[in-house]
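[1] sequence-free structure coming up:
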Ligand SMILES: NC(=O)c1ccc[n+]([C@@H]2O[C@H](COP(=O)([O-])OP(=O)(O)OC[C@H]3O[C@@H](n4cnc5c(N)ncnc54)[C@H](OP(=O)(O)O)[C@@H]3O)[C@@H](O)[C@H]2O)c1
């Protein structure tokens, strides 16, 4: 396979080949913020955005001013593939055939950064294997925890430990809805409308509230933390749609809150995974109770280092762009890195939600 120009020559400052040419797929909530960050007053060398692909590229370009409208905008994906971009950022709407674009980009010799949990949850292992075979990188920090760097934490930072358990808030939209109801006493419908207006919610927020979105993210984390291949639909999900203001008030009287929690615990000797997503009572003392608005949070329990927690914005263009730029910088920093694809096994058994695991969870 021919090396693209990014990888063929020197790295002296200002040299074309020291720069990392980026092509963007999708100029929507996330893509537009990312494009503005890369072309704005505070650029991120060596990243240089050169191409934008969008199905309404012509209209969108016309609305932009320099330097964005001076870039090359294309309405055909093949034009992006044929460009001299080194990395393609995939930021298409959820549910679009993004996996086909990611696969085609890797086959064309590009590295890829994606924000799509659907792509990674359903096709991650195969795509990571393809990336390794192609000598390219596929990075996906934004796909699991937004700006909360849990993919890095599980893949690198905690690689010296054994993860036993993850309890996390992985859906910023649902968290924004529940905490809005909690603070303002508004109805769920009003809280959903507010989340949509702020750009946190997907076109169809039901996949957020019913737990499908968090289950996809949890399956990505199960691969990283436990080396397990877990289909998102094998994870027991309970909807948050039925949570009422009365439920939130009762939780307050008990000294806690209600949060949509994604839980995974792996009993290694038996090969038994317990995994679920459900709206549950979380005591005030838990770090998860302190996640407000579109924040994500996680408590990871490890065999040797014990418990660690983290939190960060889980939704919104600014937050997702941060995670994607971190991935772009990682690729640009070590261009020739071959990232080995994970070797995953199936759990022997997957247990869902039960009162007992619930009591042990948070
Ligand atoms: N927004 C968030 O808070 C958030 C949080 C975490 C992860 N993400 C992930 O980030 C990714 C992007 O999300 P987003 O909120 O930016 O989505 P979005 O606002 O819907 O933007 C997607 C953009 O891609 C364009 N597009 C969609 N399908 C296309 C196709 N087949 N060909 C060409 N262009 C296409 C859309 O064009 P139109 O304008 O014509 O629709 C739109 O401009 C998704 O994977 C999402 O799950 C988003």
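    Here it is on my side, so go on. None of these values were measured; they are calculated from a predicted model.

[2] Let me know the secondary structure of the residue most central in space within the chain.
    The residue lying closest to the centre of the chain (Cα atoms, centre = their mean) is residue 143, at 1.6 Å. Under DSSP: H, G, I helix; E, B strand; the rest coil, residue 143 falls in the helix class.

[3] I'd like the distance between it and residue 151.
    7 Å (Cβ to Cβ, to the nearest Å). (Glycine included, C-beta is placed from N, CA and C.)

[4] Overlap in contacts, the two.
    Common neighbours of residue 143 and residue 151, using Cβ atoms under 8 Å, 6 or more residues apart in numbering, are residue 220.

[5] Need phi/psi at the residue in the chain that the ligand sits nearest to.
    Going by Cβ to the nearest ligand atom, the ligand is nearest to residue 28 of the chain, at 1.7 Å. Here is the backbone geometry of residue 28 (degrees, to the nearest 10): phi -120, psi -140.

[6] do residue 164 as well
    Taking degrees, to the nearest 10 as the convention, residue 164 sits at phi -100, psi -30.

[7] Please work out how many residues are found near it.
    For residue 164, the neighbour count with other Cβ atoms under 10 Å is 18.

[8] what's it in contact with, if anything?
    Residue 164 neighbours (Cβ under 8 Å, 6+ apart): 265, 266, 301, 302, 303.

[9] Which single one of those is nearest to residue 184?
    residue 301 (33.4 Å; Cβ to Cβ).

[10] rewinding a little: any idea how far the residue of the chain closest to the ligand lies from residue 92?
    Taken as Cβ to Cβ, the span from residue 28 to residue 92 is 8 Å.

[11] Counting neighbours, go ahead and name the busier of the two.
    Neighbours were tallied for residue 28 and for residue 92 using other Cβ under 10 Å; the higher tally belongs to residue 92 (23 against 15).

[12] Now that one. Nearest residue, chain neighbours left out?
    residue 26 (4.1 Å; Cβ to Cβ, 6 or more residues apart in numbering).

[13] Need the pLDDT of the one you found.
    Predicted confidence (pLDDT) at residue 26: the value is 96.

[14] Repeat that for residue 316.
    85.

[15] Hmm, residue 175 and it touching each other?
    No. Here residue 316 lies out of contact with residue 175, judged by Cβ atoms under 8 Å, at a distance of 12.0 Å.

[16] Overlap in contacts, these two.
    residue 294.

[17] mind checking the SS state of the closest residue to residue 138 other than its chain neighbours?
    Using Cβ to Cβ, 6+ apart and skipping residues adjacent in sequence, the residue nearest residue 138 is residue 131, 4.0 Å away. Following three-state DSSP, we place residue 131 in the helix state.

[18] residues contacting residue 131?
    With Cβ under 8 Å, 6+ apart, residue 131 has these contacts: 106, 111, 112, 137, 138, 339, 341.

[19] is it true that the last one touches residue 129?
    Yes. If you go by Cβ under 8 Å, residue 341 and residue 129 touch, sitting 4.2 Å apart.

[20] rounded to a whole number, what's the mean pLDDT of the one helix or strand residue 119 maps to?
    Using DSSP states H and E, residue 119 falls within helix 117-134. Averaging pLDDT along helix 117-134 yields 96.

[21] Skip ahead from it and say which helix or strand is next.
    Next along the chain after helix 117-134, taking DSSP H and E as the criterion, comes strand 138-139.

[22] Partner strands of that following strand, with direction?
    strand 111-114 (parallel) (DSSP bridges).

[23] how far out from the middle of the chain is the partner strand?
    12 Å (Cα atoms, centre = their mean, to the nearest Å).

[24] any bit of that strand sitting next to the ligand?
    No. On the criterion Cβ under 6 Å from any ligand atom, strand 111-114 is out of touch with the ligand, staying 7.1 Å away.

[25] hang on, isn't residue 34 packed against residue 319?
    No. If you go by Cβ under 8 Å, residue 34 and residue 319 don't touch, sitting 11.3 Å apart.

[26] Name the residue in the two with the higher neighbour count.
    Taking other Cβ under 10 Å, residue 34 and residue 319 do not tie; residue 34 has more neighbours (30 against 24).

[27] Any idea how many residues pack against residue 192?
    Residue 192 is flanked by 24 other residues according to other Cβ under 10 Å.

[28] which ones are touching it?
    177, 201, 205, 209.

[29] Quick one: mark the members of the residues you listed that sit in helices.
    Using DSSP state H, the members of the contacts of residue 192 that fall within helices are 177, 209.

[30] Tell me which two of the contacts of residue 192 sit farthest apart.
    Pairwise distances across those (Cβ to Cβ) peak at 9.5 Å, for the pair 201 and 209.

[31] Show me whatever sits in contact with both of those two.
    Counting by Cβ under 8 Å, 6+ apart, the residues touching both residue 201 and residue 209 are 173, 192.

[32] Which residues of this protein lie near the ligand?
    26-31, 54-56, 91-94, 96, 115-116, 142, 146, 200, 315-316, 320.

[33] for the protein, what are the low-confidence residue spans?
    Counting by pLDDT under 70, the ranges of the chain that qualify are 1-17, 202-203, 355-362.
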